[in-house]
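Any chance you could fold what I've pasted below:
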Amino acid sequence: MTEEKAGTERRITITGILYGTVIMVLLLFLVTCTDFSDGIRNYPGTHYQPCIDGWSGEKNEPVNMRKIATEIKEVPKIRVHRKLPEEILPGEMLNISSHNLFFDVYVDGTCIYRYEPVENLTGYGTGDVYHTVPVTSQDAGKEVVLDVELEHARRNGGRFSDVVVCSTQDFYYLIFRERGFAFLLSGLIIFLGMSILVFHFTIARKNTESYDLFSFGISVIMIGLWTMIETDVPQLLIRMTNALRVLDYTLLLFMIYPVERFIYSITKKSNPLHPKISFGLLIVIMTIALIARFVYGLDMHSMMGLIMPYYAFSIFQIGWMLVQNRRYCRKNGIDEGLHFFYFGAIFFLGGGLIDVIRYIFIGKEISVNGNFLRIGLTIFLFTLLVQMVEIYIKKEMAVREERKKTLLMAENRILTERAELSQTLHDRLGHSINGSIYQLEAGKLLLEKDPEKARGMIQAVIDQLRTGMDEIRAILRKERPEKNKMALIHLQKLCADCKAKGMEAELQTEGNLSVIPDDLWEIILDNCYEAVSNSMKYSKAKKIELRIMVMNQMVRCVVSDNGIGCSRIIDGMGISGMRQRIRAAGGTISFESEAGFLVNMLLPLKK
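Modelled structure (predicted):
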């Protein structure tokens, strides 16, 4: 198999991503929404008796428990009743699922359960709450009465979702069977968000694309937690009703800002004001909401008229950032590099749109809304994660290929220099050394017959070998590369690396570079590497320039780019290291960020 074919087979494709995602979703559906889990958990058949229908008011008028707060008006409280099933097995309970309702439960005129309103940060809303009301087999066939408070319920869409007589274990199983698919999808979204954070802290910091993966990972975890809370399974598991209610209303608000930071980081051209506007609006919205809540006593649910425009404006702002970026890239002939992003976003938005349409036309008949949104978001995250891995792999492969080329060039140069050195030594010294050997052999023969002549020949050989040794030193001095030439080769290689990664780079020199000492060249090289690395990571620049100018008693090195610059320069490890190297050589260094970013270094030439 050829190398090219092997590389093609290892390539990650969109069809492969879709195939794997579809298989995973199918498995989740199989486990959570079919009788597969019955066999795993050894459920021979749950025994439950639905009691959501058949309720009547005080005048025996029928009452729709699913719409109790919206259909019954002008009364602050209502009493409803119906008979319990004729058979209640030992261990079974009256299990009630309510939404933003407060009520008391009576059997035979005795209050056996009370759920009272508790104020929290969002108001008196509770969301979906699961209640286990104790009943016994002796209560079978008796009348059960619910006193339901409607004052807060009307403002928050209060209703009963389900009333079932069964064991608590069976009730939990029924709920998870109905909502488990959505719960596991939400867990998968949280897992992907954590994977993005791990990718950021372990690998992606080497990525010169400088995507804000930290913000993206945080936002994904937030939306995963929000969709998980919306399934109501966490409330069933941990019973923290007030805490989950607060998270339900605040997670989406706080998710917008990191999303906009991520969008800003992946675009080639965008205004840095967009994330700042988003953060400012978040502070304004939260301030108004807190004032309305604690000063005027309004519930968060009644503030949706304020919160929804914020969501709409944020979506518009994100769309505008992407449109601006697309226009800029088309105008300048730049590849956006967002093919996976747009592909996944189609599934994400499509899933959300389907859920909105289903909610409008079917409404409360859907037990768990948002599954299509969750599936679309999962595909979206998978495609983005694959794109990040692909970008990293491509860059790593490019770096390895460049290293191979550099090593091959170095090996070829070494072999060439060895051949040239061998030829020079042969041409310069071969005849002289051979002549010396012949003279020594002749002197050996004359040593006894004519010692004086033999000593003269030996002295001539000594003088000849000394001359040869001087020639060897001269040849080696000539063949040794000069430091300034090697430094320029490194800087030219640095510019070539920038060009290979899509950034235009240029090296300019002025003056006699040979007067720069070796130790200053080391400082110039280290600081240039650091400055270029920072520029490629953070500046979003299209061009970078390196200039080295030799003056009378100073050498000046300038590294500048045409990027976005920064409002405040923070001395991290890189900049601190640059300062220390310059100060150790008695020089000065300054940074400017008016038009792009500029590093200006001045080093004294030692006499």
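
Can you get me a residue count around Met503?
Per other C-beta atoms under 10 Å, the neighbour tally for Met503 reads 21. Placement of C-beta: from N, CA and C, glycine included.

Check the contact between it and Lys543; I expect there is one.
Yes - under the criterion of C-beta atoms under 8 Å, Met503 is in contact with Lys543, at a separation of 7.0 Å.

Please report the distance of the residue nearest to the spatial centre of the chain from Leu281.
Closest residue to the average C-alpha location of the chain: Leu213 at 2.6 Å, with C-alpha atoms, centre = their mean. Distance, Leu213 to Leu281, by C-beta to C-beta, to the nearest Å: 24 Å.

ok but Val559 is inside a strand, no?
Yes - under DSSP: H, G, I helix; E, B strand; the rest coil, Val559 sits within a strand.

can you list contacts of stretch 594-607?
Contacting residues not belonging to stretch 594-607 are listed as 515-517, 520, 523-524, 527, 531, 534-535, 539, 541, 550, 553-566, 578, 582, 585-592 [C-beta atoms under 8 Å, 6 or more residues apart in numbering].

Moving along the chain from the longest helix that the chain contains, name the first helix or strand you hit.
Determined from DSSP state H, the single longest helix within the chain is helix 371-425. Per DSSP states H and E, the first helix or strand lying C-terminal to helix 371-425 is helix 431-449.

tell me which residues in that following helix are buried?
436, 439, 443, 446 (16 or more other C-beta atoms under 10 Å).

What is that helix packed up against?
With contacts taken as 3 or more C-beta pairs under 8 Å, 6 or more residues apart in numbering; DSSP states H and E, helix 431-449 sits against helix 451-479.

and the following helix or strand past the helix it packs on, which residues are buried?
The helix or strand immediately downstream of helix 451-479 is helix 483-500, counting by DSSP H and E. Buried residues in helix 483-500, counted by 16+ other C-beta under 10 Å: 483-484, 487-488, 491, 494-495, 497-498.

quick revisit: can you give the distance of the longest helix of the chain from its chain's centre?
22 Å (C-alpha atoms, centre = their mean, to the nearest Å).

do the same with stretch 245-253
Distance, stretch centre to chain centre, for stretch 245-253: 22 Å (C-alpha atoms, centre = their mean).

Same question for stretch 90-99.
Here stretch 90-99 is found 43 Å from its chain centre; the criterion is C-alpha atoms, centre = their mean.

Which parts of this structure belong to which domain?
Using automatic domain parsing, the domain ranges for the chain come out as 1-45, 48-170, 402-479, 483-604.

Could you export the ones you listed to a markdown table, including columns for distance to Gln324 and mean pLDDT?
Below are the domains of the chain laid out as a markdown table (distance: least, C-beta to C-beta, whole Å; pLDDT from 0 to 100):
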| stretch | distance to Gln324 | mean pLDDT |
| --- | --- | --- |
| domain 1-45 | 26 | 53 |
| domain 48-170 | 36 | 88 |
| domain 402-479 | 33 | 73 |
| domain 483-604 | 14 | 85 |
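
Which of those sits closest to His301?
Minimum separation from His301 across those (C-beta to C-beta) falls at domain 48-170, 4.7 Å.

Give me the distance from the closest one to the chain's centre.
Using C-alpha atoms, centre = their mean, the offset of domain 48-170 from its chain centre is 45 Å.

Quote the end-to-end distance of that domain.
Start-to-end span of domain 48-170 (C-alpha to C-alpha, to the nearest Å) is 8 Å.

Stretch 138-145 now?
Stretch 138-145 stretches 16 Å from its first residue to its last (C-alpha to C-alpha).

the helices in the stretch 201-350 of the chain, which residues?
213-230, 233-238, 241-266, 273-294, 304-332, 339-361 (DSSP state H, counting those that start in this stretch).

Any idea which of those gets closest to Met388?
Of all the helices of the stretch 201-350 of the chain, helix 213-230 sits nearest to Met388, with 7.1 Å by C-beta to C-beta.

Can I get the closest one as PDB, trimmed to CA atoms?
What follows is helix 213-230, C-alpha atoms only, in PDB (Å, rounded to 0.1, in the frame of the first residue of the first chain):
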ATOM      1  CA  LEU A 213     -11.700  26.800  23.400                       C
ATOM      2  CA  PHE A 214     -11.900  27.500  27.100                       C
ATOM      3  CA  SER A 215     -14.900  29.800  26.600                       C
ATOM      4  CA  PHE A 216     -16.400  27.300  24.100                       C
ATOM      5  CA  GLY A 217     -16.000  24.400  26.500                       C
ATOM      6  CA  ILE A 218     -17.600  26.400  29.400                       C
ATOM      7  CA  SER A 219     -20.500  27.400  27.200                       C
ATOM      8  CA  VAL A 220     -21.100  23.800  26.000                       C
ATOM      9  CA  ILE A 221     -21.100  22.500  29.600                       C
ATOM     10  CA  MET A 222     -23.600  25.200  30.600                       C
ATOM     11  CA  ILE A 223     -26.000  24.400  27.800                       C
ATOM     12  CA  GLY A 224     -25.600  20.700  28.600                       C
ATOM     13  CA  LEU A 225     -26.500  21.300  32.200                       C
ATOM     14  CA  TRP A 226     -29.400  23.400  31.100                       C
ATOM     15  CA  THR A 227     -30.800  20.700  28.800                       C
ATOM     16  CA  MET A 228     -30.300  18.100  31.500                       C
ATOM     17  CA  ILE A 229     -32.200  20.200  34.000                       C
ATOM     18  CA  GLU A 230     -35.000  20.600  31.400                       C
END
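
what packs against that helix?
Judged by 3+ C-beta pairs under 8 Å, 6+ apart, helix 213-230 is in contact with helix 168-202, helix 241-266, helix 371-425.

at 6 Å instead, please
Judged by 3 or more C-beta pairs under 6 Å, 6 or more residues apart in numbering; DSSP states H and E, the packing partners of helix 213-230 are helix 168-202, helix 241-266.

what distance separates the longest one from the centre of its chain?
With C-alpha atoms, centre = their mean as the basis, helix 168-202 stands 19 Å off its chain's centre.

One more: stretch 211-221?
Chain-centre distance of stretch 211-221: 4 Å, with C-alpha atoms, centre = their mean.

What distance do you get for the residue sitting furthest away from the middle of the chain to Glu260?
No residue in the chain sits farther from the centre than Lys449, which is 92.1 Å out by C-alpha atoms, centre = their mean. According to C-beta to C-beta, Lys449 and Glu260 sit 102 Å apart.
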